[in-house]
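*Asks:* Give me a model of this one.
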Amino acid sequence: MTRRISQSITPTADDVAALRGPFVSKGANDPVIKALRDYFKETAPLWLAKLDEKQELTRERLAEIRDATIKRRAVIEALPAGPARDKALAELAQTESVVDEMDTALAGAGAFGGIN
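*Replies:* Predicted structure coming up:
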């Protein structure tokens, strides 16, 4: 026969509240989710929502987009692996690729006095 040692503790109501608190699902009203939404809004250039193919972009504007993708990537990479994370990272990679292509084209135009 083997010996068995068991120890346990009975939590108080305050203990239960402290232990469960961070894990309670608050849905869309969760202050952490709201802070995350606000962070994404604050880090995206305001003018980007109105961008269309008739407007021109400067290197400074491309840098704003690049900065926003870096900030967004830092948050998204912290998410657990899955389709939503993969899709968001793929969209960021596409955005970064377009920004890099445009920035390279602008750098070349500046170096050679413009391309027609």
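
*Asks:* Residue 9 in helix, strand or coil?
*Replies:* coil (DSSP: H, G, I helix; E, B strand; the rest coil).

*Asks:* Which stretches in the chain count as helices?
*Replies:* Along the chain, the segments classed as helices by DSSP state H run 13-20, 31-43, 59-76, 83-112.

*Asks:* Figure out how far the last one is from the centre of its chain.
*Replies:* The chain centre lies 16 Å from the centre of helix 83-112; the measure is Cα atoms, centre = their mean, to the nearest Å.

*Asks:* again with stretch 30-44
*Replies:* Per Cα atoms, centre = their mean, the centroid offset for stretch 30-44 relative to its chain is 9 Å.

*Asks:* And stretch 69-80, by the same measure?
*Replies:* Taking mean C-alpha positions (Cα atoms, centre = their mean), stretch 69-80 and its chain are 4 Å apart.

*Asks:* for stretch 72-82, same thing?
*Replies:* Chain-centre distance of stretch 72-82: 7 Å, with Cα atoms, centre = their mean.

*Asks:* May I have that stretch as PDB, with CA atoms only?
*Replies:* What follows is stretch 72-82, C-alpha atoms only, in PDB (Å, rounded to 0.1, in the frame of the first residue of the first chain):
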ATOM      1  CA  ARG A  72      -0.500  46.400 -35.600                       C
ATOM      2  CA  ARG A  73       1.900  43.500 -36.300                       C
ATOM      3  CA  ALA A  74       3.200  43.600 -32.700                       C
ATOM      4  CA  VAL A  75      -0.300  43.100 -31.300                       C
ATOM      5  CA  ILE A  76      -1.500  40.500 -33.900                       C
ATOM      6  CA  GLU A  77       1.600  38.400 -33.400                       C
ATOM      7  CA  ALA A  78       0.700  38.000 -29.800                       C
ATOM      8  CA  LEU A  79      -2.600  36.300 -30.700                       C
ATOM      9  CA  PRO A  80      -2.800  32.500 -30.600                       C
ATOM     10  CA  ALA A  81      -2.200  30.700 -33.900                       C
ATOM     11  CA  GLY A  82      -5.300  30.300 -36.100                       C
END
